[in-house]
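Novice: let me see the structure of the following:
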Amino acid sequence: TAAPTATSTATATATATAVSANFGDMGGVGGIGGAAAGYPPPCPPTLTGRRRALLIGCNYRGTAAALGGCINDVANLKRLLVNTYGWSTDSIRTLTDDGAGGQGSMPTRSNMLARMRWLTQGAQPGDVLFFSFSGHGAQKEDPNGYEEDGMNETILPCDFKRAGMITDDEINRLIVEPLPDGVRLTAVMDSCHSGTGLDLPYTWTERTQRWAEEVNPLHTRGDVQMISGCADDDTSCDAANRNTGMMGGAMTTAMCEVLRGDPCPTYTALLQRMRTTIRRRGFHQVPQLTSSQRFDCDRPFLLDDILPNGNQKIGRTFRRRFKPRPRPMDGPLADMLGMGVAFVGMALLADAFF
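Specialist: Okay, here's the model as predicted:
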């Protein structure tokens, strides 16, 4: 894998040092940091130069619920990593259901789980990881009642009818929980019901400009942020570009466009520009930011900027059990999932142009 440039390393280290220096002033439930209870300001790790990325796109070709832009999302994100952020192509693995890479590169449930294990295998402080999924998202009943709507978020492999869906609990166990303190993972989930698709404990609330903690949060050590296409109760759009005719996820397209124009915005600016771009193109979905750590959202969006762990407790905090509240569903995906089972949600294929 390619090492970051001296400039990017110095910038990320300086940013992380600044975040660390202010960490002790960022406490409070629903606030930003986790050092208010007497924890010393943590030190950011030294970057190792080790980078890994896993990009997954499912178009479900040949099915009644086929999409058009998910494989294009993979190509778009790969170009962003390589051309804008200087990642080596050798550090990036892709799974797409166009058959280009043979059976081993198909986004089957088995291949997706195996590649998720590869992504985090041997992760050490100072490593930088990236994960994306573009495809159908749905929900199923949470058997533990941890989720506030009683439903786990899921993503659908290309063979979901035979092999089943993948829940946010499974994804968390594979790519979030194993990360030690000092590892950075950036995730992008462009699918329906993806708001809390990694089961991270904190959600940034635009209205209050504060972090909201889950009722039954699962705290981990790594620095993980996810930008998702929509809230848990919403849908993400797959649409065509008016100028190029290329299909793509509305959120992924907007995110790549914003970051090519400014590779280092603050998190606040990134979210605002993405949401403005999406609204301007006629879509109503609202991208979400969730995180394993609370931080000041004036923090620059740098893939190599690692925030040390500020969570005082690691593991699940259980406060209340929630009953499942499944949502009605219809359309081609509903037919494929089967009516009368505890699956909810469908991807929205929009006949819209941007």
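Novice: okay, now the unreliable bits of the stretch 201-350 of the chain?
Specialist: Low-confidence segments of the stretch 201-350 of the chain (pLDDT under 70): 229-246, 328-331, 334-335, 337-350.
Novice: where do the helices sit along it?
Specialist: 250-261, 267-280, 332-337 (DSSP state H, counting those that start in this stretch).
Novice: can you check the stretch 1-150 of the chain too?
Specialist: Under DSSP H, counting those that start in this stretch, the stretch 1-150 of the chain gives helices at 6-21, 70-79, 109-120.
Novice: contacts only, for residue 128.
Specialist: Contact analysis of residue 128 by CB atoms under 8 Å, 6 or more residues apart in numbering lists 4, 47, 50, 51, 52, 183, 184, 303, 304, 306. (Glycine included, C-beta is placed from N, CA and C.)
Novice: any chance of those in a markdown table, plus distance to residue 113 and neighbour count?
Specialist: Formatted as a markdown table, those follow (distance: CB to CB, whole Å; neighbours: other CB atoms under 10 Å):
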| residue | distance to residue 113 | neighbour count |
| --- | --- | --- |
| 4 | 29 | 21 |
| 47 | 28 | 24 |
| 50 | 22 | 18 |
| 51 | 21 | 25 |
| 52 | 16 | 21 |
| 183 | 20 | 24 |
| 184 | 22 | 27 |
| 303 | 24 | 26 |
| 304 | 27 | 22 |
| 306 | 26 | 26 |
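Novice: among those, which are in strands?
Specialist: 51, 52, 184 (DSSP state E).
Novice: I'd assumed residue 127 was in contact with the last one.
Specialist: When you say that, I think you mean residue 184. Yes: between residue 184 and residue 127 there is a contact under CB atoms under 8 Å: 7.4 Å.
Novice: how about the contacts of residue 128 in CSV, adding distance to residue 198?
Specialist: Converted to CSV, those look like this (distance: CB to CB, whole Å):
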residue, distance to residue 198
4, 24
47, 23
50, 21
51, 19
52, 16
183, 14
184, 14
303, 16
304, 20
306, 17
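Novice: please identify which of those residues is nearest to residue 190.
Specialist: Lowest distance from residue 190 to the contacts of residue 128 (CB to CB) belongs to residue 303, with 17.6 Å.
Novice: the closest one contacts residue 184, doesn't it?
Specialist: Yes: the pair residue 303 and residue 184 qualifies as a contact (CB under 8 Å) at a distance of 7.1 Å.
Novice: so where's the stretch 1-150 of the chain shaky on pLDDT?
Specialist: Ranges of the stretch 1-150 of the chain meeting pLDDT under 70: 1-42.
Novice: quick check: the residue lying closest to residue 50 once chain neighbours are set aside vs residue 289, distance?
Specialist: Nearest residue to residue 50 in three dimensions, chain neighbours excluded: residue 127, at 4.6 Å (CB to CB, 6 or more residues apart in numbering). Residue 127 is 22 Å from residue 289, where distance means CB to CB, to the nearest Å.
Novice: try residue 208
Specialist: 13 Å.
Novice: so between those two, which is more surrounded?
Specialist: Neighbours per residue, other CB atoms under 10 Å: of residue 208 and residue 289, the larger number sits with residue 289, 22 against 9.
Novice: name the nearest residue to the more buried one, ignoring sequence neighbours.
Specialist: That would be residue 204: by CB to CB, 6+ apart, it lies 4.2 Å from residue 289.
Novice: tally of neighbours for that neighbour?
Specialist: Counted with other CB under 10 Å, the neighbours of residue 204 add up to 20.
Novice: next one: residue 326
Specialist: Neighbours of residue 326 (other CB under 10 Å): 16.
Novice: look up how far residue 138 lies from it.
Specialist: 11 Å.
Novice: my read: residue 81 touches residue 74, true?
Specialist: No: Residue 81 lies out of contact with residue 74 (CB under 8 Å); the separation is 10.8 Å.
Novice: when the two are compared, which one has more neighbours?
Specialist: Relative neighbour count places residue 74 above the other of residue 81 and residue 74, with 24 against 21, counting by other CB under 10 Å.
Novice: now that one: how far from residue 295?
Specialist: 28 Å.
Novice: got it, and residue 306?
Specialist: Taking CB to CB, one finds residue 306 at 11 Å from residue 295.
Novice: ok, residue 124 next?
Specialist: 22 Å.
Novice: and those two? Which one has more around it.
Specialist: Taking other CB under 10 Å, residue 124 and residue 295 do not tie; residue 295 has more neighbours (23 against 12).
Novice: ok, residue 187 touching residue 222?
Specialist: No: the pair residue 187 / residue 222 is not scored as a contact, 11.3 Å apart, by CB under 8 Å.
Novice: what about residue 98, how many residues nearby?
Specialist: 14.
Novice: same deal with residue 279?
Specialist: For residue 279, using other CB under 10 Å, the count is 13.
Novice: in contact with it, which residues?
Specialist: Contacts of residue 279 by CB under 8 Å, 6+ apart: none found.
Novice: same check on residue 292?
Specialist: By CB under 8 Å, 6+ apart, the contact list for residue 292 reads 176, 200, 201, 202, 219, 220, 222, 223, 224, 225, 311.
Novice: swap in 7 Å and give it another go.
Specialist: Going by CB atoms under 7 Å, 6 or more residues apart in numbering, residue 292 touches 176, 200, 201, 220, 222, 223, 224.
Novice: my read is that the first one contacts residue 224, right?
Specialist: What it means is residue 176. Yes: contact status for residue 176 versus residue 224: in contact at 5.4 Å, counting by CB atoms under 7 Å.
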